[in-house]
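[1] sequence? don't have it. structure:
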């Protein structure tokens, strides 16, 4: 009988946990985590509502990921439906909420999901070792780890890295590992913020009166990216689900947001409403709230505000200059890390086929709404199946 594969999974976030779970019972698996507990990003992500995935399937799912095609195989093999089944088998029933987002049913907390996964790993023989940090790559891609007793090299056949990006450093995603990979000759792309707030230079009077207020049911466009949803006015600029999807365009060089405050109306309809109500204040006539009226006033010349037609045009296309993006540490996710060109189809490194990189440490992107977690879970599943199938460098079986 051939000896069982020995596999190290380095990183206890969603991608690493899924990889370890898929391998459990089929190989000798050791999961290393440099913090005191696995799944810390799981718990932080759940503070605002534990959005596990999205109901989108097929092309409707794939089009949310970039670069195009990179995650297609993994997502087709393990999409939202498969993830929900996997969760249900671990006692986590889910439901589809607003905008297709999927959440655990009432009463199930993020810690419950994490504990269910952790206990199953232990039950199937996975060794979970916390307080173990990845500290470098030696000759021939040999991994160097360190714990309280000192440095050591795990004797394993395959290594799956799930080290995270540079967002939410409190969860352990400090983004310090690229220097270690580059010392071994593995190229890395600098981390940049994604799914983050944008900076807008607010007039002091405006922000003093409207900080924290939401702008509901708005469409925001930057470059070729557009999103319909809600944005919150912050001291620094804007946050929210209508902002995050357009961040890639801002990273690519767009310098302004174009905000449609009434996406369900036309310019002609707005002008008609102003005329019908003969209102002194055009903003009231078209149904803008106080924050929206103040926003238009702050970024529109007075002579424009005096014309119903030009006022309506501004309501439909209010231009807000963007000063920049919020820092990496505030971002929900990051791009950068291992370039996709450095990986084979199963997420193993072309330079070192026994090393796999998955999750946010790879340079791919997706918006919020459950797509980020879904991508990480799918990558972990795909890499693990590839190893079990013994098909390093090619597509694993579904």
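    Alright, I've got the coordinates. Because the structure is predicted, anything quoted here is derived from the model rather than measured. Numbering: from 1, shown residues only.
[2] Find me the pLDDT at the closest residue to residue 255 other than its chain neighbours, would you?
    Once flanking residues are discounted, residue 255 sits nearest to residue 322: 5.9 Å by CB to CB, 6 or more residues apart in numbering. All C-beta atoms are positioned from the backbone trio N, CA, C, and that covers glycine. With respect to pLDDT, residue 322 scores 97.
[3] Quick check: residue 91 touching residue 116?
    Yes. Assessed by CB atoms under 8 Å, residue 91 is found in contact with residue 116 at 5.3 Å.
[4] Which one's more surrounded, the two?
    Applying other CB atoms under 10 Å to residue 91 and residue 116 shows that residue 116 carries more neighbours, namely 16 against 13.
[5] Now for the closest residue to that one other than its chain neighbours: which residues touch it?
    Distances taken as CB to CB, 6+ apart put residue 90 closest to residue 116, at 4.5 Å, once the chain neighbours are dropped. By CB atoms under 8 Å, 6 or more residues apart in numbering, the contact set of residue 90 is 113, 116, 117, 120.
[6] try it again with 7 Å
    Neighbour list for residue 90: 116, 117, 120 [criterion: CB atoms under 7 Å, 6 or more residues apart in numbering].
[7] Could you do residue 357 as well?
    Residue 357 makes contact with 161, 338, 343, 347, 349, according to CB under 7 Å, 6+ apart.
[8] Tell me the pLDDT of the nearest residue to the first one once chain neighbours are set aside.
    Closest residue to residue 161 apart from its sequence neighbours, by CB to CB, 6+ apart: residue 357 at 4.8 Å. Turning to residue 357, the model gives it a pLDDT of 98.
[9] So for the strand or helix carrying residue 207, what gets flagged as buried?
    Assessed by DSSP states H and E, residue 207 sits inside helix 204-210. Judged by neighbour count using 16 or more other CB atoms under 10 Å, the buried positions of helix 204-210 are 206, 207, 210.
[10] Do you know the pLDDT at the residue nearest to residue 116?
    Looking at residue 90, the pLDDT reads 88.
[11] How about residue 394?
    Here the pLDDT value assigned to residue 394 is 47.
[12] which sections of the stretch 101-250 of the chain are below the confidence cut-off?
    Scanning the stretch 101-250 of the chain for pLDDT under 70 picks out nothing.
[13] how near is residue 320 to residue 254?
    12 Å (CB to CB, to the nearest Å).
[14] actually residue 157, not the one I typed
    Distance from residue 157 to residue 254, by CB to CB: 46 Å.
[15] Of those two, which one has the most company?
    Between residue 157 and residue 254, counted using other CB under 10 Å, residue 254 has the larger neighbour count: 18 against 14.
[16] what's that one in contact with, if anything?
    Under the criterion of CB under 7 Å, 6+ apart, the neighbours of residue 254 are 222, 223.
[17] coming back round to it: just the ones of the contacts of residue 90 in helices?
    116, 117, 120 (DSSP state H).
[18] Tell me which stretches of the stretch 151-300 of the chain form helices.
    Here the stretch 151-300 of the chain has its helices, by DSSP state H, counting those that start in this stretch, at 178-183, 204-210, 247-251, 267-277, 282-285, 290-298.
[19] for the fifth one, the distance to its chain's centre please.
    Relative to its parent chain, helix 282-285 has a centroid offset of 38 Å by CA atoms, centre = their mean, to the nearest Å.
[20] just stretch 91-107 next, same as before
    That offset, for stretch 91-107, works out to 18 Å (CA atoms, centre = their mean).
[21] Now the terminal residues of that stretch, how far apart.
    Its start and end residues considered, stretch 91-107 measures 12 Å (CA to CA, to the nearest Å).
[22] Now it: buried residues?
    92, 94, 100, 101, 102, 103, 104.
[23] and if you look at stretch 306-318?
    308, 310, 311, 312, 313, 314, 315, 316, 318.
[24] right, and the pair among those with maximum separation?
    308 and 318 (15.8 Å; CB to CB).
[25] I'd guessed residue 77 sits against residue 382; true?
    Yes. Under the criterion of CB atoms under 7 Å, residue 77 makes contact with residue 382 at 6.3 Å.
[26] Which one's more surrounded, these two?
    A direct count of neighbours by other CB under 10 Å for residue 77 and residue 382 places residue 382 higher, at 27 against 16.
[27] And that one, how far from residue 304?
    53 Å.
[28] before we move on, back to that, residue 369: which of the helices of the stretch 151-300 of the chain is closest?
    Among the helices of the stretch 151-300 of the chain, helix 247-251 sits nearest to residue 369 (CB to CB), with 13.7 Å.
[29] Tell me where the stretch 251-398 of the chain has strands.
    Counting by DSSP state E, counting those that start in this stretch, one finds strands in the stretch 251-398 of the chain at the ranges 256-260, 318-325, 333-337, 355-357.
[30] now the second one, how far from the centre of its chain.
    To tie it back to what came earlier, the one meant is strand 318-325. 22 Å.
[31] now swap in the shortest one and tell me
    Strand 355-357 has its C-alpha centroid displaced from the chain centroid by 20 Å (CA atoms, centre = their mean).
[32] Then the third one?
    Between the mean C-alpha point of strand 333-337 and the mean C-alpha point of its chain there is a distance of 9 Å (CA atoms, centre = their mean).
[33] Next one: residue 267 from residue 109, what distance?
    Distance from residue 267 to residue 109, by CB to CB: 47 Å.
[34] Let me know the pLDDT of the residue nearest to the spatial centre of the chain.
    Nearest residue to the geometric centre of the chain (CA atoms, centre = their mean): residue 372, 3.9 Å. Among the per-residue scores, residue 372 holds a pLDDT of 95.
[35] Who are the packing partners of the helix or strand harbouring residue 7?
    Per DSSP H and E: residue 7 is located in strand 6-10. Helices and strands touching strand 6-10, by 3 or more CB pairs under 7 Å, 6 or more residues apart in numbering; DSSP states H and E, are helix 14-23, strand 28-33, strand 158-161.
[36] That one: which residues count as buried?
    By neighbour count on 16+ other CB under 10 Å, the buried set for strand 6-10 is 7, 8, 9, 10.
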